[in-house]
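Enquirer: Next input, structure requested:
(chains A and B)
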Amino acid sequence: MRGSSKPTWAFPSVVQMLRVEGLVAGYGPTDCLMGVSLEVRAGEIVALLGANGAGKTTTLMTISGLVPPRAGHIRFEERSLVGLPPEQIVALGISHVPEGRRILPRLTVLENLELGAYLRTDRQAVRHELDRALSLFPILAARQGQLAGTLSGGEQQMLAIARGLMARPKLLLLDEPSLGLAPKMVVMIFETIRRISRDGITLLLVEQNAYLSLQIAHRGYVLETGRIVLTDRADRLAQNPQVKAAYLGG
Amino acid sequence: MNSFELLLQQLANGLTLGAIYALIALGYTMVYGVVQLINFAHGEIFIAGAYAALTVILMLSGLALPWWAVLGLCTAGAVLGCGALGWGIERLAYRPIRRAPRLNAFITAIGMSFFLQNALMLIFGATDRQFPTLIPLVRWQLGGVTLTLIQLVIWAASGALMIGLQGLVMSTTLGKAMRATSQDLVACALLGIPVNRVIAITFMIGSMLAAVGGLLFGLYYNTINFHDGYLVGLKAFTAAVLGGIGNMPGAMVGGILLGLLEGLGAGYLSAQWKNVFAFAILVVLLLFKPRGLFGERVAERA
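Expert: Residues are numbered from 1 along each chain as shown, chains lettered A, B, ... in the order given. As a prediction, this is how the structure comes out:
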């Protein structure tokens, strides 16, 4: 996959889209995030790496407004997201495809997709988005009327991504899209992420598959117990001895 | 009256009662569906609907309006009043503890039930209140079976509401959002569905159906008491469990089934023991089908 579409100059733009600064958040008495700072520029794919429990999912959940930050700033296109309810954050242009897919099992594939566009009122454009989502994942077109719970794991992941795109986001947060999928499906999902990026959508990607995510990402951050410990261009991170030892199997 | 006519008569009476149970049971099951909470105050909302309708009727009594106008206005009063009550209960009592352990929600719901019971008693008195007949006393003799206009009104009203509700839930965006919210609150929030609003609307719709149930109950029995909320509410809850809590068609079938069985029990065995039949049926059914007739899932989710 290397080199096929990613330019070596790595930075497609310098227009800042998302900026997280000194973010502290957690559940109950403990803080999972202890001052996370990162930024995503328009057009980028940014990978967020880290071990289980490092705080990757919490970071995304806080950006989406599901976990209230205890300190720090989140700015999206110069607007503060702190304190906004999740639906307003979606309306501003951030879609979050959560870990474990969380498709709605007792709704049909089509109903799942329609709910992805819940906040949109432009029916014509939604229709167009639906066609695009279905052409991105032809298997979903064939299964439109089926209950989403009957799909295979890979198909559910495709549905979750397609549903996230239905809101027509500027920024897509992807949490572990390849987790638990067969190797062939993993490759397919990563191909799709690249296609989404080429369509002009910016991505913040949380992945346990550090090898593949650094292949497609422009830049990356390494999160350890609630703190960013390393950040660099993706190709340099892939060569970093620490990263190699911890996330790339030596 | 021969034995076949007695059977038909008891079925007609049971169907009337069952239609009212079904309207109330829908509220229990819808609310359980979206927030996994048994709203024990729902029975009080039901009887509050009857009191609200009665209040409107008494206010209009001097105006000499035709009966159908009074019926329309008192329906509106009951529905709007209970809709607001349901919304308020959710907003003030249940939303703040939505993420708390289940036991807290359980105790809050019971507390809310007692609170409303006592509030209703203080406002409307502890004794039975006369509920005007309102609908003309038309009766038809079909063989040995007697049907009244009020029975037909009850069947038609609850039938129409249940069909309308099914349409709302199955084919509107709001309905889709309600079904989605009952499956995964977090996923819905991430899709931009305003889950708090969807939950509040669900409470309101359930309360409005209960309000109509309360009005029909008053019209049918002609006397209401604040205690009725507790007993009828408990039976409608039984009906919802019978059909499978969280399942809307289940609540409708469960309500009607319970009404029919109660009617038959009252006709063939003993009218004094009819409440015992209702709960005995529940116990027996749950022994064999713990999830109710149509239940897909029980409260496994934490």
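Enquirer: Look up phi and psi at A:P98.
Expert: The phi/psi pair for A:P98 (degrees, to the nearest 10) reads phi -80, psi 160.
Enquirer: ok, now how distant is it from B:A180?
Expert: 14 Å (CB to CB, to the nearest Å). Heads up, the C-betas are built off the backbone N, CA and C, glycines and all.
Enquirer: ok now the helix or strand B:T16 falls within, how far from the chain's centre?
Expert: Using DSSP states H and E, B:T16 maps to helix B:3-35. Its chain's average C-alpha position is 9 Å from that of helix B:3-35, according to CA atoms, centre = their mean, to the nearest Å.
Enquirer: what's the helix or strand following that helix packed up against?
Expert: Next helix or strand after helix B:3-35 toward the C-terminus (DSSP H and E): helix B:42-60. Secondary-structure packing of helix B:42-60 (3 or more CB pairs under 8 Å, 6 or more residues apart in numbering or on different chains; DSSP states H and E): helix B:3-35, helix B:67-89, helix B:102-124, helix B:195-221, strand B:223-224, helix B:226-243.
Enquirer: got the buried residues for helix B:42-60?
Expert: B:42-57 (16 or more other CB atoms under 10 Å in any protein chain shown).
Enquirer: again with stretch A:118-128
Expert: A:118-120, A:126.
Enquirer: Flag every residue of chain B that's near chain A.
Expert: B:173, B:176-177, B:179-180, B:183-184, B:186-194, B:196, B:296 (CB under 8 Å from any CB of the partner chain).
Enquirer: among these, which ones are buried?
Expert: Among these, the ones that count as buried (16+ other CB under 10 Å) are B:176-177, B:179-180, B:183-184, B:186-194, B:196.
Enquirer: Next step: these restricted to helices.
Expert: Judged by DSSP state H, helices contain the following of those: B:176-177, B:179-180, B:183, B:186-190, B:196.
Enquirer: which bits of chain A sit near chain B?
Expert: Remark: the part of chain A in contact with chain B comprises A:64-66, A:85-87, A:90-91, A:95-96, A:98, A:102-107, A:111, A:114-116, A:118-119, A:163, A:167, using CB under 8 Å from any CB.
Enquirer: Tell me the helices and strands packed up against the helix holding B:T16.
Expert: Counting contacts by 3+ CB pairs under 8 Å, 6+ apart, helix B:3-35 packs against helix B:42-60, strand B:145-148, helix B:149-171, helix B:173-183, helix B:195-221, helix B:226-243, helix B:248-268.
Enquirer: which two in the buried residues of helix B:42-60 are spaced the farthest apart?
Expert: Largest separation among these by CB to CB: B:H42 and B:I57, giving 23.2 Å.
Enquirer: Tell me which residue of chain B lies closest to chain A.
Expert: Proximity of chain B to chain A (CB to the nearest CB) peaks at B:G192, 3.2 Å away.
Enquirer: Hmm, that residue is touching A:G93, no?
Expert: No. When contacts are counted by CB atoms under 8 Å, B:G192 is not listed as touching A:G93 (10.7 Å).
Enquirer: before we move on, back to that, can you put the helices and strands packed on helix B:3-35 in JSON lines and add mean pLDDT?
Expert: Formatted as JSON lines, these follow (pLDDT from 0 to 100):
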{"stretch": "helix B:42-60", "mean pLDDT": "97"}
{"stretch": "strand B:145-148", "mean pLDDT": "93"}
{"stretch": "helix B:149-171", "mean pLDDT": "96"}
{"stretch": "helix B:173-183", "mean pLDDT": "95"}
{"stretch": "helix B:195-221", "mean pLDDT": "97"}
{"stretch": "helix B:226-243", "mean pLDDT": "93"}
{"stretch": "helix B:248-268", "mean pLDDT": "91"}
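Enquirer: Where does the record place the domain boundaries for chain A?
Expert: Domain ranges of chain A: A:12-93+A:169-250, A:102-168, per automatic domain parsing.
Enquirer: quick one: average pLDDT of the last one?
Expert: Meaning domain A:102-168. Computed over domain A:102-168, the mean pLDDT rounds to 94.
Enquirer: Could you give the number of residues near the residue lying closest to B:N2 once chain neighbours are set aside?
Expert: Once flanking residues are discounted, B:N2 sits nearest to B:G144: 6.6 Å by CB to CB, 6 or more residues apart in numbering or on different chains. By the criterion of other CB atoms under 10 Å in any protein chain shown, B:G144 has 12 neighbours.
Enquirer: what residues are up against the residue of chain A found nearest chain B?
Expert: Proximity of chain A to chain B (CB to the nearest CB) peaks at A:V90, 3.2 Å away. Neighbouring residues of A:V90 by CB atoms under 8 Å, 6 or more residues apart in numbering or on different chains: A:64, A:119, A:167, A:169, B:190-192.
Enquirer: and it, what element?
Expert: Judged by DSSP H and E, A:V90 forms part of helix A:86-92.
Enquirer: Report the rounded mean pLDDT for the helix or strand just after that helix.
Expert: For helix A:86-92, the following helix or strand on the C-terminal side (DSSP H and E) is strand A:94-97. For strand A:94-97, the mean pLDDT works out to 97.
Enquirer: Is A:L181 in a helix, a strand, or coil?
Expert: Under the three-state scheme (DSSP: H, G, I helix; E, B strand; the rest coil), A:L181 adopts coil.
Enquirer: does the residue nearest to it when sequence neighbours are not counted sit in a helix or strand, and which one?
Expert: In space, and not counting its chain neighbours, A:L181 is closest to A:G154: 5.2 Å by CB to CB, 6+ apart. Using DSSP H and E, A:G154 sits in helix A:153-165.
Enquirer: so what secondary structure elements neighbour that helix?
Expert: Packed next to helix A:153-165, using 3+ CB pairs under 8 Å, 6+ apart, are strand A:94-97, helix A:109-116, helix A:123-136, helix A:138-142, strand A:171-175, helix A:183-198.
Enquirer: Relative to the whole chain's centre, how far out is it?
Expert: Per CA atoms, centre = their mean, the centroid offset for helix A:153-165 relative to its chain is 12 Å.
Enquirer: now it against strand A:171-175, angle please.
Expert: 150 degrees (axes from the mean of the first three to the mean of the last three CA atoms, to 10 degrees).
Enquirer: got the CA positions of helix A:153-165 in PDB?
Expert: What follows is helix A:153-165, C-alpha atoms only, in PDB (Å, rounded to 0.1, in the frame of the first residue of the first chain):
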ATOM      1  CA  GLY A 153     -18.600  -8.100  11.500                       C
ATOM      2  CA  GLY A 154     -16.900  -6.700   8.400                       C
ATOM      3  CA  GLU A 155     -20.300  -5.600   6.900                       C
ATOM      4  CA  GLN A 156     -21.300  -4.000  10.200                       C
ATOM      5  CA  GLN A 157     -18.000  -2.000  10.200                       C
ATOM      6  CA  MET A 158     -18.800  -0.900   6.700                       C
ATOM      7  CA  LEU A 159     -22.300   0.100   7.800                       C
ATOM      8  CA  ALA A 160     -20.900   2.100  10.700                       C
ATOM      9  CA  ILE A 161     -18.500   4.000   8.500                       C
ATOM     10  CA  ALA A 162     -21.200   4.600   5.800                       C
ATOM     11  CA  ARG A 163     -23.600   5.800   8.500                       C
ATOM     12  CA  GLY A 164     -21.000   8.200   9.800                       C
ATOM     13  CA  LEU A 165     -20.500   9.600   6.300                       C
END
